[in-house]
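J.: Okay, sequence plus prediction incoming.
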Amino acid sequence: MTPKTAVVTGSSRGIGRAIALRLAKDGARLVLAARDAAALQAVAAEITHAGGAAASIALDLREPANPARLAQFALDTYGSLDIVINNAGATKRGEFESLTDDDWQDGFALKFFGAVRLTRAAWPHLKASKGSVVNIAGIGGRTPGPQFSIGGSVNAAMLSFTKAMADTGIRDGVQVNAINPGAVRTERLAGRLNAVATLKGIGPAEAERHFVQESGITRIGEPQDIAALVAFLTGPEGRFLHGSLIDMDGGQTKTL
């Protein structure tokens, strides 16, 4: 059986890296994409050293032509395209009055429009392979807060896009789902925990306990938690999940 080809955006670190490593472990051929060429090459080397297959391309998905370049790179490299993981994109936090038009445009340019354009470019090939799309959105799309007006808006748009494409996917045979991670142990979260520690004059471990308690969650998530769910969704046992918006957040989302 020919291995599946999986494109993972934002795969140089954090959740994207964990997803790439897990899919490679499960036998997929990986196409890694982000802006940091050296970091991408390190992830690719980690995969190939473990016996997997990985190719990387450094590009900025905010540029309108680059998502199509990425899809074509996958096809040129492996000859097929089976899985697209739209993971790239971080949005600026801050009080609404301090956020500029450029902040808003940048937030949508990568996470939303990058995903839209890559999905569009990949769709004909996903139709041919009966493939799968997973959008990594975030719980702010359901429950935005005052420091997360951009991120909440972008994630809500991602969730709506997921539902629309899932309906199209029923017709075209392409599985489409979204995952809403909560607080996951990434560099960005580490910065927030360090700020808590500094503000309260406490150590890192105590800052984490404080964060967990204040957030009302079971624990901070690990990138591997999200990766395991992606592996299930894109594997044969997860195929009945379609158009699902899955909160993986340790119980942080309290609403229906």
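T.: That came in fine, so what should we check first? Numbers count the residues shown, from 1 in each chain.

J.: Residues touching stretch 200-211, excluding its own?
T.: Applying C-beta atoms under 8 Å, 6 or more residues apart in numbering, the contact partners of stretch 200-211 are 183, 192, 193, 194, 196, 197, 220. The way it works is simple: take the backbone N, C-alpha and C, and place the C-beta from them, glycine included.

J.: Which of those fall in helices?
T.: In helices, defined here by DSSP state H, the members of those are 192, 193, 194, 196, 197.

J.: can you tell me how far the residue of the chain positioned farthest from its centre sits from residue 210?
T.: Distance from the C-alpha centroid of the chain, by C-alpha atoms, centre = their mean, peaks at residue 201 (33.0 Å). Separation of residue 201 from residue 210 (C-beta to C-beta, to the nearest Å): 12 Å.

J.: hang on, the earlier thing: okay, who's weakest in the ones in helices among the contacts of stretch 200-211 by pLDDT?
T.: In terms of pLDDT, residue 196 ranks lowest among the ones in helices among the contacts of stretch 200-211, with 85.

J.: what's around that residue, how many residues?
T.: Using other C-beta atoms under 10 Å, residue 196 has 16 neighbouring residues.

J.: got a list of what it touches?
T.: 202, 207, 210, 211.

J.: which of the ones in helices among the contacts of stretch 200-211 are buried?
T.: 193, 196, 197 (16 or more other C-beta atoms under 10 Å).

J.: how near is the residue nearest to the first one when sequence neighbours are not counted to residue 220?
T.: Using C-beta to C-beta, 6 or more residues apart in numbering and skipping residues adjacent in sequence, the residue nearest residue 193 is residue 207, 5.0 Å away. Look at residue 207 and residue 220: by C-beta to C-beta, they are 11 Å apart.

J.: After the least confident helix or strand in the chain by mean pLDDT, which helix or strand is next?
T.: When the helices and strands of the chain are scored by mean pLDDT, DSSP states H and E, helix 187-200 comes last with a mean of 89. The C-terminal neighbour of helix 187-200 among helices and strands, as given by DSSP states H and E, is helix 204-215.

J.: Can you name every helix or strand that the helix or strand just after that following helix contacts?
T.: Following helix 204-215 in sequence order, the next helix or strand is helix 223-234 (DSSP H and E). Counting contacts by 3 or more C-beta pairs under 8 Å, 6 or more residues apart in numbering; DSSP states H and E, helix 223-234 packs against helix 14-25, strand 132-136, strand 175-181, strand 245-248.

J.: any weak-confidence spans in the stretch 1-150 of the chain?
T.: By pLDDT under 70, the stretch 1-150 of the chain contains no weakly predicted segment.

J.: the strands in it, which residues?
T.: 5-9, 29-34, 53-58, 83-86, 132-136 (DSSP state E, counting those that start in this stretch).

J.: which outside residues touch the second one?
T.: Residues from elsewhere that reach strand 29-34, judged by C-beta under 8 Å, 6+ apart: 3-13, 16, 20, 23-24, 40, 43-44, 47, 52-59, 61, 70, 73-74, 77-78, 88.

J.: and the residues you listed, which are buried?
T.: Buried among these by 16+ other C-beta under 10 Å: 3-13, 16, 20, 23-24, 40, 43-44, 47, 52-57, 59, 61, 70, 73-74, 77-78, 88.

J.: Contact partners for residue 194?
T.: Contacts of residue 194 (C-beta under 8 Å, 6+ apart): 204, 207.
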